[in-house]
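S.K.: 3D model of this:
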Amino acid sequence: MDRIEELTRKIVEFRDERDWKKFHNFKDLAIDICVEAAELLEIFLWKKEEELEKVAKEKRKKIEEELADVLITSLLLAHDLGFDVYKIVKEKIEVNERKYPVEKFKGVAKKYNEVEE
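M.R.: Next up, the predicted model:
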């Protein structure tokens, strides 16, 4: 069993022991990912660029907790939809490699459709 599968198993076990699956439909899990991501974003809200490193150090534990919540809910949704997380992430990386070739996008912060051919 790989580490992603092991984490997913522990998360599902935790949820199922508490009989929470009835609250975890696809829509609500997707919404919860956004809510948890918003809580992560809130840590950095209104901070100036020069403050970000300091905030990241000072709030490291809180950032870890919020990021873990995003990942936990994402793994639950992937599990419930029957997705192979390793496979879908690997495939997305391959798509992004084609959309964002190094020779065109190195050091460029634009979307693939914003760069001239």
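S.K.: Mind checking the pLDDT average for the top helix by length along the chain?
M.R.: Looking across the chain with DSSP state H, the single longest helix is helix 60-81. Throughout helix 60-81, pLDDT has a mean value of 98.
S.K.: buried set for that helix?
M.R.: 63, 66, 69-70, 72-79 (16 or more other Cβ atoms under 10 Å). Placement of C-beta: from N, CA and C, glycine included.
S.K.: again, but for stretch 40-55
M.R.: 40, 55.
S.K.: Stretch 80-93 too?
M.R.: Within stretch 80-93, the residues scored as buried using 16+ other Cβ under 10 Å are Val85.
S.K.: Show me the contact partners of it.
M.R.: 2, 4, 8, 24, 26, 29, 75, 78 (Cβ atoms under 8 Å, 6 or more residues apart in numbering).
S.K.: Among these, name the buried ones.
M.R.: 8, 24, 29, 75, 78.
S.K.: possible to save the residues you listed as JSON lines with distance to Ala109?
M.R.: Shown next, in JSON lines, are these (distance: Cβ to Cβ, whole Å):
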{"residue": "Thr8", "distance to Ala109": "33"}
{"residue": "His24", "distance to Ala109": "36"}
{"residue": "Leu29", "distance to Ala109": "30"}
{"residue": "Leu75", "distance to Ala109": "29"}
{"residue": "Ala78", "distance to Ala109": "28"}
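S.K.: looking at the chain, which helix or strand is least sure?
M.R.: Within the chain, judged by mean pLDDT, DSSP states H and E, the helix or strand with the poorest mean is helix 102-105; its value is a mean of 90.
S.K.: if we can go back for a sec, out of the contacts of stretch 80-93, which one sits closest to Arg15?
M.R.: Ranked by distance to Arg15 (Cβ to Cβ), the contacts of stretch 80-93 are led by His24 at 6.8 Å.
S.K.: Where does the record place the domain boundaries for this structure?
M.R.: Domains of the chain are assigned by automatic domain parsing as 3-83, 84-117.
S.K.: quick one: pLDDT of Glu117?
M.R.: What the model reports for Glu117 is a pLDDT of 67.
S.K.: how would you label Ala109: helix, strand or coil?
M.R.: Applying DSSP: H, G, I helix; E, B strand; the rest coil to Ala109 yields a three-state assignment of coil.
S.K.: Okay then, goodbye and thanks.
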